[in-house]
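J.: Below is the sequence, then the predicted model.
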Amino acid sequence: MNLSSMLAARHEAGRPVRIGLIGAGKFGSMILNQAKYLKGLHVVGIADLDIEKAHASLSRVGWTDDRLAPSLSDAMTSDKTCVLSDAQALCSLDSIDCIVEATGHPLAGVRHALAAIENGKHVVMVNVEADILCGPVLARRAKEAGVIYSMAYGDQPAAICELVDWVHTAGFELVAAGKGMNFAPPYRYSTPDTVWGYFGWTEEEVAAGDFNPKMYNSFTDGTKAAIEMAAVANATGLDCPEDGLAFPPAGLHDLAQVFKPASEGGRLDGAGLVDIAASREPDGRVVMNNIQYGMFVTFKAPDAYARDCFQQYGLLTDDSGWYGSMWRPFHLIGLETSVSVLAACLRGEATGSSTRYRADAVATAKRDLKVGEWLDGEGGFTVWAKAIPARIAAPMNALPIGLAHHVKLTRDVGKDRVVTLNDVDLTEDQDIVALRKEQDAMME
């Protein structure tokens, strides 16, 4: 609870925390909006391949032209910000303390993180797609280099990690962790052409906004859930269900009843799992008191005294009183990510980090796929991501969702079957493939 005072001390001493932001999309814009109000935090540079888009993002959040510098060196001496297209230049600038990777592109994100780590920079990985692709090996590289590799606070995985840490620190038995999500089984096969119907938006409403159908479809078909829950497993030591996330419907009043082992009357195969509290019933009805925007943990009292205290202090529990739940109802995305930056730079701590390889998000066919077809990755027409344990994914040579974009099938793959590396022609991105092989050796 001392980050603000530590930052104030750095500001008074004339030693600001200097960061570089890669990616000026929605998440990056939210980070920039709050940076305006944090004395002692200096955004030295913003790297984006689309310079015009980056300037539009700055304008949208009130970043006036008088705060912009023509070069990185000018930014350093003037406390202003340089907008550039060269992310590598940002990663190699000596005076920057931390790189925030917010592109959402898995391959680029991995490469940017490696460059930052090699140049002695902390990394706040907003890009969960990159984290689930190579996060464990990136975390190891960061540790070897003496820097921090961290999830982004404000995003749901980091908030879940915080709740998990609370359970352990309080001395309870962790049973499950997860988040809420607007999901029902038919959503699984949504495509960019059908996605808007699941949001109830008209064509006119979509045309009037700046909406990316693949991004929204990734949330709709469960791919984003698989990516985020597998990342949480890699950060906490929890497991994914062997056949992927089950998405049991649950409101906050019955989290403890649902997210406990089936042997105890719950819906889980066992204790120690991640999963999703769906905000819709299988028939599409909205779950009462759902936690669509929230995160949760369920836990067990270690003894009868603690169980009695649960009841005495109004904790929501299961019918037995032994299992309780704690949750956070909302997360504010990039508006909160400065917590991760300052935790890394001022305390040398990560707000969640994928330090082990326990789970993966693997490409799974949305329909019967034929030889010669091209996979189109996260949120597309061809595959959805399934979160499964690494001990299952690695031996079957499963294709990670992050490598499933613009690759050609060399064999037929049936609907709902996991695509493997043997099913595709993966001649490019061999640097990432090599990192994945290194990561396989870290499997727990």
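T.: Here it is on my side, so go on.

J.: which residues touch stretch 41-54?
T.: 7, 16-25, 28, 32, 35, 58, 72, 75-76, 79, 81-87, 89-90, 93, 95-96, 338, 341-342 (Cβ atoms under 8 Å, 6 or more residues apart in numbering). Where C-beta positions appear, they are placed from N, C-alpha and C, glycine not excepted.

J.: Endpoints of it, how far apart?
T.: 19 Å (Cα to Cα, to the nearest Å).

J.: List the buried residues for that stretch?
T.: Neighbour-count burial for stretch 41-54, counted by 16 or more other Cβ atoms under 10 Å, picks out 41-48, 54.

J.: Reformat the residues you listed as a markdown table; add pLDDT and secondary structure.
T.: Formatted as a markdown table, these follow (pLDDT from 0 to 100; DSSP: H, G, I helix; E, B strand; the rest coil):
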| residue | pLDDT | secondary structure |
| --- | --- | --- |
| L41 | 98 | strand |
| H42 | 98 | strand |
| V43 | 98 | strand |
| V44 | 98 | strand |
| G45 | 97 | strand |
| I46 | 98 | strand |
| A47 | 98 | strand |
| D48 | 97 | coil |
| A54 | 94 | helix |
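
J.: Which pair of those spans the longest distance?
T.: With Cβ to Cβ as the measure, no two of those lie farther apart than L41 and D48, at 19.4 Å.

J.: Next one, pLDDT for the nearest residue to F199 once chain neighbours are set aside please.
T.: Nearest residue to F199, sequence neighbours excluded (Cβ to Cβ, 6 or more residues apart in numbering): Y216, at 7.1 Å. Among the per-residue scores, Y216 holds a pLDDT of 88.

J.: With D210 instead?
T.: With respect to pLDDT, D210 has a value of 62.

J.: With R140 instead?
T.: At R140, pLDDT is 97.

J.: One more: T77?
T.: 91.

J.: tell me the SS of it?
T.: helix (DSSP: H, G, I helix; E, B strand; the rest coil).

J.: Just the buried subset of the contacts of stretch 41-54, please.
T.: The buried subset of the contacts of stretch 41-54 - by 16+ other Cβ under 10 Å - is 7, 16-25, 28, 32, 35, 58, 72, 75-76, 81-84, 87, 89-90, 93, 96, 338, 341-342.

J.: Just the ones of those in helices?
T.: Residues of those located in helices (DSSP state H): 7, 28, 32, 35, 58, 72, 75-76, 87, 89-90, 338, 341-342.

J.: quick one, longest strand in the chain?
T.: strand 173-181 (DSSP state E).

J.: any idea how far that one is from the chain center?
T.: Chain-centre distance of strand 173-181: 15 Å, with Cα atoms, centre = their mean, to the nearest Å.

J.: Output it as CSV - backbone C-alpha positions only.
T.: C-alpha atoms of strand 173-181 as CSV (Å, rounded to 0.1, in the frame of the first residue of the first chain):
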residue,chain,number,x,y,z
GLU,A,173,-7.2,-23.9,1.2
LEU,A,174,-7.5,-22.7,-2.4
VAL,A,175,-10.1,-24.6,-4.4
ALA,A,176,-10.8,-22.7,-7.6
ALA,A,177,-10.2,-19.4,-9.3
GLY,A,178,-11.7,-17.8,-12.4
LYS,A,179,-13.7,-15.0,-13.8
GLY,A,180,-17.2,-14.2,-15.1
MET,A,181,-18.1,-14.2,-18.7
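
J.: Please name every helix or strand in contact with that strand.
T.: Applying 3 or more Cβ pairs under 8 Å, 6 or more residues apart in numbering; DSSP states H and E, we find strand 173-181 packed against helix 156-170, helix 223-236, strand 273-278, strand 295-300.
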